[in-house]
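Peer 1: Build me a structure from this.
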Amino acid sequence: MLVNNQNKILIYFLSVLSFQVQEASGFVLENASGREIMDEVYKRHQQFPYIYEEQSMVMEDKHGDRDTRLARRYSRVEEDGTVKFLLLFEFPEEVKGVALLALRDPENKTKKYVYLPAFGEQLFESSGEGSDENFLGTDFSIENLTGEILSEHRYERKKDVEIEGVQYIVLDVYKSGDEGMVQRLRRHFIRHDNLFISLSQHFDKHGRLFKTQSHHDLKEVDTNMWRANMILMEDKKEHHQSLIKISRRVFSHDYVPDEIFTADWLYENYPYIETIENSSEDDEIVLEESTE
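Peer 2: Next up, the predicted model:
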């Protein structure tokens, strides 16, 4: 009985402390709507102007076989609200130079492109949306990697829950305009103490859970801003998972120059190189010059 009382006192103390921190930051959680909560989540954790990361991505199938890739992630937020994102694969050799480029203008109109050096100097625009179209064999969709656009979604606040002693806000996510709540897309679990989304459940068109995205090894990197050093996406249907581990993170303008968010920069630094296989001596071999 004494232990239970002590736990209740501790939870009450943490709740009071969390409320005081929210008041100090000008945001009061108690009566906030789902959209107001998401606005605050993005304001605190998603809008730092210049971020560079070095990542490893480990994919594991249902047989326990693993595939590892190395990537660099760049993001940049301009003063007018424009958001630029680049995920660039460096290893293994067969995916080197493959890139995901996303550009979001101040009106939240987003264009997403994939660059595949083996197909020459062209960007393929991605029209895929949601969480069910995986990117480059991983368990992450393009939306998972670039973040959801708040204006395109509706957020319904549910009853708060406690999991392993931690208080969470629960938000159900629907497509904007889906007032009939026909299809729930996701459910976010947001920590009370720092307003960080530590768990997201993804649902298919039949309303069944098919992926979970969890954030681990949280670190406070600035006032009220947190980052996860590990992100795990688990495909419950295929029994497949992908783990992103951030080994290095730098908040600096110098690491994310504006020119890297362009097709020309990708073509110059990761050019298409034609290879000739099984050619005979009688064949006339003509190699196209790589873009320098």
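
Peer 1: Doesn't N144 lie inside a helix?
Peer 2: Yes - using DSSP: H, G, I helix; E, B strand; the rest coil, the assignment for N144 is a helix.

Peer 1: That one: neighbour count?
Peer 2: Using other CB atoms under 10 Å, N144 has 22 other residues around it. Yep, even glycine has a C-beta here, placed from its N, CA and C like the rest.

Peer 1: Was I right to think it contacts Q213?
Peer 2: Yes - because the distance of 6.5 Å satisfies CB atoms under 8 Å, N144 is recorded as touching Q213.

Peer 1: List the neighbouring strands of the biggest strand by length in the chain plus their orientation.
Peer 2: Longest strand of the chain, by residue count under DSSP state E: strand 209-222. Each strand pairing with strand 209-222, determined using DSSP bridges, is listed with its direction: strand 197-203 (antiparallel), strand 225-235 (antiparallel).

Peer 1: Which residues does the longest one contact?
Peer 2: When contacts are defined by CB atoms under 8 Å, 6 or more residues apart in numbering, strand 225-235 is touched by residues 44-45, 48, 138-140, 144, 194, 196, 198, 210-221, 240-246, 249.

Peer 1: mind running it again at 7 Å?
Peer 2: Contact with strand 225-235 is made by 44-45, 48, 139-140, 144, 194, 196, 210-221, 241-246, 249, as judged by CB atoms under 7 Å, 6 or more residues apart in numbering.

Peer 1: so what strands line up beside whatever helix or strand comes next after it?
Peer 2: Moving toward the C-terminus from strand 225-235, the first helix or strand encountered (DSSP states H and E) is strand 240-250. According to DSSP bridges, strand 240-250 forms sheet pairs with strand 50-60 (antiparallel), strand 225-235 (antiparallel).

Peer 1: now those strands as CSV including mean neighbour count, distance to I273 and mean pLDDT?
Peer 2: Output for the strands paired with strand 240-250, formatted as CSV (neighbours: other CB atoms under 10 Å; distance: least, CB to CB, whole Å; pLDDT from 0 to 100):
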stretch, mean neighbour count, distance to I273, mean pLDDT
strand 50-60, 18, 24, 97
strand 225-235, 18, 32, 96
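
Peer 1: possible to save those strands as CSV with distance to S33?
Peer 2: As requested, those are exported to CSV (distance: least, CB to CB, whole Å):
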stretch, distance to S33
strand 50-60, 28
strand 225-235, 22
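
Peer 1: Determine which of those strands approaches A118 most closely.
Peer 2: Set against A118 and scored by CB to CB, the strands paired with strand 240-250 come closest in strand 50-60, at 19.7 Å.

Peer 1: How about residues contacting the closest one?
Peer 2: 66-76, 137-138, 241-253, 255-256.

Peer 1: neighbouring contacts of the very next helix or strand once past that strand?
Peer 2: Following the chain from strand 50-60 toward its C-terminal end, the next helix or strand by DSSP H and E is strand 66-77. The list of residues contacting strand 66-77 from outside it, by CB under 7 Å, 6+ apart, reads 47, 49-60, 83-92, 95, 256, 260-261.

Peer 1: do that again at 6 Å, thanks
Peer 2: If you take CB atoms under 6 Å, 6 or more residues apart in numbering as the criterion, strand 66-77 is touched by 47, 49-60, 83-91, 256.
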